[in-house]
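*Asks:* Below: sequence and its predicted model.
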Amino acid sequence: MPPAEPPQPPPASVAAPAAPEATPAAERPERMNGSAVLWVALAIFAQESVWNFYDAQVPAQLRRFVSSATVIGLIMGLDTGLGVIIQPWMGLISDRLARSRTGRWPIVVAGTCVAAVPFALIPWATSLPMLMLCVFAFGLTANSFKGVTETLVSDYVAPQQRGRAQGFIKAGVSLTIIVSALISLLVVDHSLKAAFAIPPVLMVVMVALSYCFLGRRHPTALRRDGTGTGTGTGTGTDQADPFSSPWAVLKDLAREPSRARLLLMAGIFCFAGMWAALRSLTTPYGTEVLGMTRGAAGGIALPGAIAFLICVVPLAYLSHRLGELRMIRYGIALFVAGLLVGFAEPTPAFTAASVAIASIGYAVFSVNGLVALWGLAPNNRVLGAYTGLYTVASASGMALGPALLGATVDLTGWRYMFLNAAVFGAVTFAVFTLVARRAGQPLATAS
């Protein structure tokens with residue numbers, strides 16, 4: 001009977017597999033949900049396909065009624081100015097819906113359908129007041145769901161993987177630049193009304209697909225990941241309290257001793273503003289300086305979109321190793337270098353190469369800007385509020401950037417637009433250098 005004792009250990013070893021099973025379960029939030037990232041990227045693709053075409057062609061539409069580059073820049077900044085006011089409040093409303101059965105999707109779906117109408121009517125406007133009505137109506141409705149769509153990533157992707165997820169999502173966004181450029185090249189010169197109808201139709205179809213495949217799985221995603229309101233903790237009611245309004249966010253900023261968050265927001269403001277200015281004024285630059293047709297000038301962004309698409313995912317993984325802030329500074333330097341290339345040789349080929357180099361620099365920022373700001377959050381339960389901070393900073397920059405660069409164009413002429421933008425880029429680099437000194441290693445390694 002003594003030999004019967006040895007079989008006792010096997011039950012212990014049989015119990016051991018319980019630990020290996022527990023480990024993967026604990027690590028499950030560490031793995032990125034590829035399917036969720038795909039459908040979130042599709043929803044963001046839907047809205048960005050419209051915004052990119054808007055930025056490329058509406059300035060040229062305004063030039064039919066307005067000659068001043070400053071006024072065109074101000075009008076182009078109107079929609080992002082509306083975003084500064086609308087998006088934080090709509091984000092708070094969506095947070096209250098986030099843990100419901102439908103989640104944030106009613107805002108996204110309804111906003112998509114409504115915004116498509118004024119956008120499609122833009123080429124039908126025969127006077128400046130009619131055009132301004134379309135522009136204002138589109139900016140108002142599109143901003144009501146723009147930030148909400150971007151916040152979907154916090155509902156379906158665990159906090160540890162949001163930086164990498166941003167890389168894949170931004171790759172999807174870059175495809176919209178390609179789509180916009182192709183529509184400009186192939187359709188604008190033949191039928192402007194058809195060209196303005198294509199992006200909103202794409203937007204409605206893509207959002208519908210995203211909702212069908214992802215929106216209906218929203219309750220399951222919340223129970224599995226516990227990320228319904230952006231924390232990854234599964235305690236949806238706790239986190240909304242500290243930042244129940246934008247005023248709570250401002251109060252938190254005022255208490256921060258190093259002012260690193262405010263400086264980082266200033267850097268986000270500067271970089272987002274210069275990118276918006278470059279996108280808004282490149283088409284008029286192509287027609288005024290390079291002698292290109294409107295459709296061909298709108299296609300200048302195509303090489304940049306391809307470069308963005310190729311580089312954005314590798315840059316996301318490289319940033320995870322080197323640190324977000326360090327990579328942003330490298331990106332700004334590359335952005336400025338690209339602008340100087342375009343200024344040195346004002347030809348269509350060099351301008352396209354310039355935009356491509358600058359686009360890679362902006363890709364670094366687009367992947368890391370929000371993640372860097374998340375890295376300064378006091379805890380993981382306020383990431384949604386910090387997404388609102390990022391929206392305010394970037395939207396403010398996009399609202400004023402085109403007007404600021406347009407003002408320099410009015411002073412120096414279109415020939416010096418790229419040089420003027422490079423000067424603004426140098427100021428942005430100085431701001432992020434100051435952020436690095438204030439925030440130090442914690443910001444550089446946050447993920």
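*Replies:* Received, thanks. Since the structure is predicted, the reported quantities are computational estimates derived from the model, not experimental observations. Numbers count the residues shown, from 1 in each chain.
*Asks:* element containing residue 312?
*Replies:* helix 301-322 (DSSP states H and E).
*Asks:* got it, and residue 325?
*Replies:* Take DSSP H and E as the rule and residue 325 turns out to sit in helix 324-344.
*Asks:* cool, residue 202 as well?
*Replies:* According to DSSP H and E, residue 202 maps onto helix 192-213.
*Asks:* ok, now how distant is the most centrally placed residue in the chain from residue 395?
*Replies:* The residue lying closest to the centre of the chain (C-alpha atoms, centre = their mean) is residue 366, at 6.4 Å. Distance from residue 366 to residue 395, counting by C-beta to C-beta, to the nearest Å: 14 Å. C-beta: built from backbone N, CA, C; applies to glycine.
*Asks:* Then residue 408?
*Replies:* Applying C-beta to C-beta, the value for residue 408 to residue 395 is 21 Å.
*Asks:* hey, where'd the helices end up in the stretch 101-250 of the chain?
*Replies:* Secondary structure of the stretch 101-250 of the chain (DSSP state H, counting those that start in this stretch): helices located at 105-121, 128-156, 162-183, 192-213, 218-225, 236-240, 246-255.
*Asks:* I'd like to know which of those helices is closest to residue 45.
*Replies:* Proximity to residue 45 (C-beta to C-beta) singles out helix 162-183 among the helices of the stretch 101-250 of the chain, at 4.7 Å.
*Asks:* got the buried residues for the closest one?
*Replies:* In terms of neighbour count (16 or more other C-beta atoms under 10 Å), helix 162-183 has its buried residues at 162-181, 183.
*Asks:* So which elements touch that helix?
*Replies:* Contacts defined by 3 or more C-beta pairs under 8 Å, 6 or more residues apart in numbering; DSSP states H and E place helix 162-183 against helix 34-62, helix 128-156, helix 192-213, helix 301-322, helix 348-375.
*Asks:* what angle do that helix and helix 192-213 make?
*Replies:* Relative orientation of helix 162-183 and helix 192-213, computed by axes from the mean of the first three to the mean of the last three C-alpha atoms, to 10 degrees: 150 degrees.
*Asks:* for helix 162-183, what is the average pLDDT?
*Replies:* For helix 162-183, mean pLDDT is 75.
*Asks:* Sketch out the low-pLDDT regions of the stretch 151-300 of the chain for me.
*Replies:* Within the stretch 151-300 of the chain, the ranges that satisfy pLDDT under 70 run 158-163, 174, 215-246, 248-250.
*Asks:* go again using 80 as the cut-off
*Replies:* For the stretch 151-300 of the chain, the stretches with pLDDT under 80 are 151-181, 214-259, 294-295, 298.
*Asks:* Equivalent analysis for the stretch 1-150 of the chain, please.
*Replies:* Residue ranges of the stretch 1-150 of the chain with pLDDT under 80: 1-38, 69-70, 73, 77, 79-81, 83-85, 87-103, 147, 150.
*Asks:* now with 50?
*Replies:* Scanning the stretch 1-150 of the chain for pLDDT under 50 picks out the ranges 1-2, 4-29.
*Asks:* coming back round to it: which pLDDT does the model give the residue nearest to the centre of the chain?
*Replies:* 85.
*Asks:* Setting aside sequence neighbours, what's the nearest residue to it?
*Replies:* Nearest residue to residue 366, sequence neighbours excluded (C-beta to C-beta, 6 or more residues apart in numbering): residue 170, at 5.1 Å.
*Asks:* same question, residue 189
*Replies:* That would be residue 295: by C-beta to C-beta, 6+ apart, it lies 3.9 Å from residue 189.
*Asks:* Do I have it right that residue 334 meets residue 363?
*Replies:* No - between residue 334 and residue 363 there is no contact under C-beta atoms under 8 Å: 9.3 Å.
*Asks:* between these two, which one's more packed in?
*Replies:* More crowded of residue 334 and residue 363, by other C-beta atoms under 10 Å: residue 363, with 29 against 19.
*Asks:* in terms of contact, does residue 434 touch residue 263 like I think?
*Replies:* Yes - if you go by C-beta under 8 Å, residue 434 and residue 263 touch, sitting 5.8 Å apart.
*Asks:* need the contact list for residue 361.
*Replies:* With contacts defined as C-beta atoms under 8 Å, 6 or more residues apart in numbering, the neighbours of residue 361 are 331, 332, 333, 334, 335, 336, 337, 338.
*Asks:* any chance of the helices and strands packed on helix 162-183 in CSV, with distance to residue 92 too?
*Replies:* Converted to CSV, these look like this (distance: least, C-beta to C-beta, whole Å):
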stretch, distance to residue 92
helix 34-62, 19
helix 128-156, 10
helix 192-213, 22
helix 301-322, 28
helix 348-375, 18
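*Asks:* Quick one, which of those helices gets closest to residue 79.
*Replies:* The closest of the helices and strands packed on helix 162-183 to residue 79 is helix 128-156. By C-beta to C-beta, the value is 3.2 Å.
*Asks:* can you give me how far the host helix or strand of residue 91 is from the chain middle?
*Replies:* Under the criterion of DSSP H and E, residue 91 resides in helix 78-97. Offset of helix 78-97 from its chain centre (C-alpha atoms, centre = their mean, to the nearest Å): 14 Å.
*Asks:* And it, what does it pack against?
*Replies:* Judged by 3+ C-beta pairs under 8 Å, 6+ apart, the packing partners of helix 78-97 are helix 105-121, helix 128-156, helix 246-255, helix 383-412.
*Asks:* Which positions within that helix qualify as buried?
*Replies:* For helix 78-97, a neighbour-count test (16+ other C-beta under 10 Å) marks 78-84, 86-88, 90-92, 94-95, 97 as buried.
*Asks:* Just flag the most distant two among the residues you listed.
*Replies:* For the buried residues of helix 78-97, the farthest-apart pair by C-beta to C-beta is 78 and 97; their separation is 27.6 Å.
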